[in-house]
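[1] Sequence isn't available, so here's the structure alone:
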């Protein structure tokens with residue numbers, strides 16, 4: 001199983017429409033792969049909010065409209081913020097039927113919306129118990145942060161460090177939502193409170209954007225990257241059904257399965273992309289993925305272990321925090337970055353000697369967790 005081509009748009013508050021974003025990413029991935037669009041046997045579309053925000057469903061047919069005279073199976077997958085990683089997983093499962101499958105993640109979250117984005121995003125949370133009590137996502141992750149900080153005795157300074165590192169990485173990524181934004185620790189520390197203890201710079205932005213990845217059952221070029229493992233696990237949707245708010249069980253199981261399937265261990269991973277929708281998520285991810293023991297992630301971050309020049313560079317593209325979070329495309333953006341690093345094509349943000357990378361993509365508050373491991377052919 002190989003990744004043959006990748007393509008993406010810039011992330012941010014963009015003027016392009018939903019179909020325009022999708023087309024740009026599709027075109028870029030075809031150019032990157034050296035394939036023809038007629039070599040694509042199937043397309044999987046990842047999107048979360050096309051219906052409530054853009055008034056557009058049946059995105060499979062919308063994508064077909066962008067590709068005249070191409071009549072192949074196209075379908076859509078939705079698992080909230082993990083949608084595109086699950087779409088990638090399902091493309092792999094279908095490679096026994098098809099030779100080349102395109103996975104397209106796309107989201108339009110700003111301008112001319114059918115409803116408020118906060119209300120729409122909240123649809124990924126439990127309606128009966130959580131939303132009815134006002135528990136939207138910033139509040140949910142604030143509760144998680146409170147529990148984690150109390151249990152392990154860390155201060156908000158650690159979260160500020162996470163935000164700062166991600167913004168610095170984004171300054172080296174021309175596609176990133178905050179590519180041109182210079183951020184200081186003082187700006188992060190003094191930003192407005194959103195839900196205590198999380199302030200504005202603890203939260204990922206609303207982003208427009210699209211990513212396209214082509215998966216093949218054979219090595220199509222010398223730039224192909226091998227898929228060593230793709231695993232996902234589902235857990236309960238409501239926080240009221242969780243015994244521990246400082247860890248996501250689905251992530252632990254998915255990563256354990258991925259390590260076993262790929263026959264690698266955490267020490268083999270050269271670059272890591274984690275789902276830092278809120279800064280506290282990065283700490284929990286490092287622990288759930290077994291890069292350190294519970295409560296020790298803050299030490300890794302403060303000692304520079306996760307920085308671009310550290311032992312395990314994390315979110316070299318800026319992560320959800322600063323690269324952006326166009327929900328239906330987020331997981332594929334992580335894949336895009338790891339592929340780019342393995343190919344040695346990341347320009348200023350390139351990490352030396354990358355042979356293997358991992359992505360960690362979460363839907364809801366740990367309700368869906370996907371872990372993918374990629375390696376050099």
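    Sure, I can see it. Every value quoted in this text rests on a predicted model; they were computed, and no experiment measured them.
[2] separation between residue 94 and residue 101?
    Distance, residue 94 to residue 101, by C-beta to C-beta, to the nearest Å: 6 Å. Glycine gets a C-beta too; all of them are placed from N, C-alpha and C.
[3] er, residue 191 actually
    Counting by C-beta to C-beta - residue 191 and residue 101 are separated by 42 Å.
[4] between those two, which one's more packed in?
    The residue with more neighbours, out of residue 191 and residue 101, is residue 101; 27 against 16, by other C-beta atoms under 10 Å.
[5] quick one: which helix or strand includes the more buried one?
    Assessed by DSSP states H and E, residue 101 sits inside strand 100-107.
[6] Report the next helix or strand after that strand in sequence order.
    Downstream of strand 100-107, the first helix or strand assigned by DSSP H and E is helix 117-121.
[7] Can you mark which positions in that next one are buried?
    120, 121 (16 or more other C-beta atoms under 10 Å).
[8] ok, now stretch 336-344?
    Result for stretch 336-344 [16+ other C-beta under 10 Å]: buried residues 336, 337, 338, 339, 340, 341, 342, 343.
[9] if I pick the fourth one, what's in contact with it?
    Under the criterion of C-beta atoms under 8 Å, 6 or more residues apart in numbering, the contact partners of residue 339 comprise 3, 6, 213, 225, 374.
[10] for the last one, same thing?
    For residue 343, the contacting residues are 223, 225, by C-beta under 8 Å, 6+ apart.
[11] Show me the contact partners of the helix or strand bottoming out on mean pLDDT in the chain.
    Within the chain, no helix or strand scores below helix 117-121, which has a mean of 92 by mean pLDDT, DSSP states H and E. Contacting residues not belonging to helix 117-121 are listed as 49, 52, 53, 109, 110, 113, 136, 137, 206, 327 [C-beta under 8 Å, 6+ apart].
[12] give me that answer again for 6 Å
    49, 52, 53, 109, 206 (C-beta atoms under 6 Å, 6 or more residues apart in numbering).
[13] Got a quick ChimeraX command for the buried subset of those?
    The ChimeraX command for the buried members of the contacts of helix 117-121 (criterion: 16+ other C-beta under 10 Å) is given here:
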select :49,52,53,109,206
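[14] quick one: which of the contacts of helix 117-121 is nearest to residue 276?
    Residue 276 lies nearest to residue 206 out of the contacts of helix 117-121, by C-beta to C-beta, at 15.3 Å.
[15] that older thread, list the strands paired with the strand holding residue 101, with their directions.
    Neighbouring strands of strand 100-107 in its sheet, by DSSP bridges, are strand 42-46 (parallel), strand 209-216 (antiparallel).
[16] Identify each buried residue in stretch 10-24, please.
    In stretch 10-24, counting by 16+ other C-beta under 10 Å, buried: 10, 11, 12, 14, 16, 18, 19, 20, 21, 22, 23, 24.
[17] Quick check: the closest residue to residue 223 other than its chain neighbours vs residue 298, distance?
    Excluding its sequence neighbours, the residue lying closest to residue 223 (C-beta to C-beta, 6 or more residues apart in numbering) is residue 343, at 5.6 Å. Here the distance between residue 343 and residue 298 works out to 32 Å (C-beta to C-beta).
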